[in-house]
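K.L.:
Return a 3D structure for these sequence lines:
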Amino acid sequence: MADKQNKQFIDWIMRYLPESNKAAGALTLDPLDGDAGFRRYYRLNTIPSLIAVDSPPLQENIPAYVSISLALLSAGIKRPQIHAVDFTQGFLLLEDFGGQLLQPLLEGGALEESYDQAESTLFSIQKMIFNSEIFPLYDRGRLKEELDLFSSWFVTELLGVAMGDQAKVILENLADVLIENALCQPQVVVHRDYHSRNLMILNDGQMGVIDFQDAVFGPITYDLVSLLKDCYHLLPRGMTASRALNYKRRLEAEALITSVDDRVFLRWFDLMGLQRHIKVMGIFARLALRDEKHRYLQNLPLVIAYVLDVSNQYTETQEFSLWFDSSITPALLTQKWYKEAPKLD
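P.N.:
Below is the predicted model:
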């Protein structure tokens, strides 16, 4: 942070520190690991501690963050309280949720309890009333734009593989299948990045939700597959399917969806995951190449494993699977970050 901006940021923090959160001595800002966006986070030495956020307004949609935060609050979902916001400069003062992400709890074996809590929180999100002024539609154009990140950033920029006419047709056909699958499902509020690094366990045991500023109104399986086919944590295939169908029965029991065949729901779920993971391949490549956040490359083998697993299962996606095996896999084997895809069983 440049000195001038740093002074502006600190001056703003001092001006808007709540009476209940005064600094213990001279104010200090402890940088925290950033997320995939342009936001920078700092823990303040206040009592209780607070999180200060420098969120460049040209790159980050601060009004959307605030609007969605208030909508989550009204639905009883725990999210960081906003103590102060400056839309022009892109500054925020937020409640500090601490440091207990869901991911290490999953890696430590606390699966059933953690997923039960995450799914209950997700259910509360999906029950929210749709407000078109807060949640944009996850429409055909948005879905297609996301899928295009794969060819531009992952295939061309990261791997250096040329996109010939046949490859373009294959990807267009795949996009049609995945977009139709997304649009044919019941539509609900979608967090859009609902996974173990955006869910936190608070001191009182409640689950808190962060990084929700990109929420939309879209497919009912999107957040569920983000959780159960997490890019940062592998859940065994049998448990994934079992939890997905148990969640479906909960949706049916509480009338969020009408009765649907298990095979239909799992197809929704799998193909929605394929759309998400193809998008993520492009996003992780862009983060590494454009933003120099190379650590995301180490998560790509699991994402690729998800993509190949689903694309091999369904007739309408096997053309993509064959193309990937012949054109992309050889290029993957030359990458230093690539390792053998983990087993999903």
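K.L.:
can you pull out the strands in this structure?
P.N.:
29-31, 40-44, 50-54, 82-86, 91-95, 187-190, 199-201, 207-209, 216-219 (DSSP state E).
K.L.:
can you give me the helices for the chain?
P.N.:
Taking DSSP state H, the helices of the chain run over residues 3-16, 62-74, 102-107, 111-126, 140-149, 165-184, 222-228, 237-253, 262-289, 300-313, 318-323, 329-332.
K.L.:
Packed most tightly, which of these would that be?
P.N.:
helix 222-228 (a mean of 26; mean count of other C-beta atoms under 10 Å). For glycine as for every other residue, the C-beta is placed from the backbone atoms N, C-alpha and C.
K.L.:
ok, and what's touching it?
P.N.:
Helix 222-228 is contacted from outside by 115, 118-119, 122, 125-126, 138, 182, 190-196, 235, 240, 243-244, 247, 269-270, 272-273, 276, using C-beta atoms under 8 Å, 6 or more residues apart in numbering.
K.L.:
what separates it from the chain centre, distance-wise?
P.N.:
9 Å (C-alpha atoms, centre = their mean, to the nearest Å).
K.L.:
quick one on the thing from earlier: wait, which of the strands of the chain is closest to residue 16?
P.N.:
strand 82-86 (3.7 Å; C-beta to C-beta).
K.L.:
quick one on the thing from earlier: ranking the helices of the chain by mean pLDDT, which is last?
P.N.:
Mean pLDDT is lowest for helix 3-16 among these, at a mean of 81.
K.L.:
helices or strands up against that helix?
P.N.:
Identification of packing neighbours for helix 3-16 by 3 or more C-beta pairs under 8 Å, 6 or more residues apart in numbering; DSSP states H and E yields strand 50-54, strand 82-86, strand 91-95.
K.L.:
Of those, which is nearest residue 258?
P.N.:
Comparing the helices and strands packed on helix 3-16 by C-beta to C-beta, strand 82-86 comes nearest, at 37.3 Å.
K.L.:
okay, the closest one in CSV with CA atoms only?
P.N.:
The C-alpha trace of strand 82-86 is given here as CSV (Å, rounded to 0.1, in the frame of the first residue of the first chain):
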residue,chain,number,x,y,z
ILE,A,82,-20.3,-3.8,8.9
HIS,A,83,-19.2,-1.1,11.3
ALA,A,84,-18.3,1.5,8.7
VAL,A,85,-18.0,1.8,4.9
ASP,A,86,-16.6,4.4,2.5
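K.L.:
Give me the distance from that strand to the chain's centre.
P.N.:
24 Å.
K.L.:
quick revisit: columns distance to residue 89 on top of the helices of the chain, output as CSV?
P.N.:
Formatted as CSV, the helices of the chain follow (distance: least, C-beta to C-beta, whole Å):
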stretch, distance to residue 89
helix 3-16, 7
helix 62-74, 10
helix 102-107, 32
helix 111-126, 30
helix 140-149, 28
helix 165-184, 37
helix 222-228, 32
helix 237-253, 41
helix 262-289, 25
helix 300-313, 35
helix 318-323, 45
helix 329-332, 43
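K.L.:
From start to finish, how long is stretch 13-23 in a straight line?
P.N.:
11 Å (C-alpha to C-alpha, to the nearest Å).
K.L.:
returning to that earlier point: with mean pLDDT as new columns, can the strands of the chain be given to me in a markdown table?
P.N.:
What follows is these, written out as a markdown table (pLDDT from 0 to 100):
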| stretch | mean pLDDT |
| --- | --- |
| strand 29-31 | 92 |
| strand 40-44 | 93 |
| strand 50-54 | 95 |
| strand 82-86 | 96 |
| strand 91-95 | 96 |
| strand 187-190 | 98 |
| strand 199-201 | 97 |
| strand 207-209 | 97 |
| strand 216-219 | 98 |
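K.L.:
so which of those gets nearest residue 21?
P.N.:
Of the strands of the chain, nearest to residue 21 by C-beta to C-beta is strand 50-54, at 5.3 Å.
K.L.:
Output the helices and strands packed on helix 3-16 in TSV, with distance to residue 222 and mean neighbour count appended to each entry.
P.N.:
Converted to TSV, the helices and strands packed on helix 3-16 look like this (distance: least, C-beta to C-beta, whole Å; neighbours: other C-beta atoms under 10 Å):
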stretch	distance to residue 222	mean neighbour count
strand 50-54	26	23
strand 82-86	26	17
strand 91-95	25	21
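K.L.:
can you put the ones you listed in TSV and add distance to residue 167?
P.N.:
Putting those into TSV (distance: least, C-beta to C-beta, whole Å) gives the following:
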stretch	distance to residue 167
strand 50-54	41
strand 82-86	45
strand 91-95	43
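K.L.:
so what's the residue lying closest to residue 148 once chain neighbours are set aside up against?
P.N.:
Closest residue to residue 148 in three dimensions, ignoring its sequence neighbours and counting by C-beta to C-beta, 6 or more residues apart in numbering: residue 282, at 7.6 Å. Applying C-beta under 8 Å, 6+ apart to residue 282 gives the contacts 146, 148-154.
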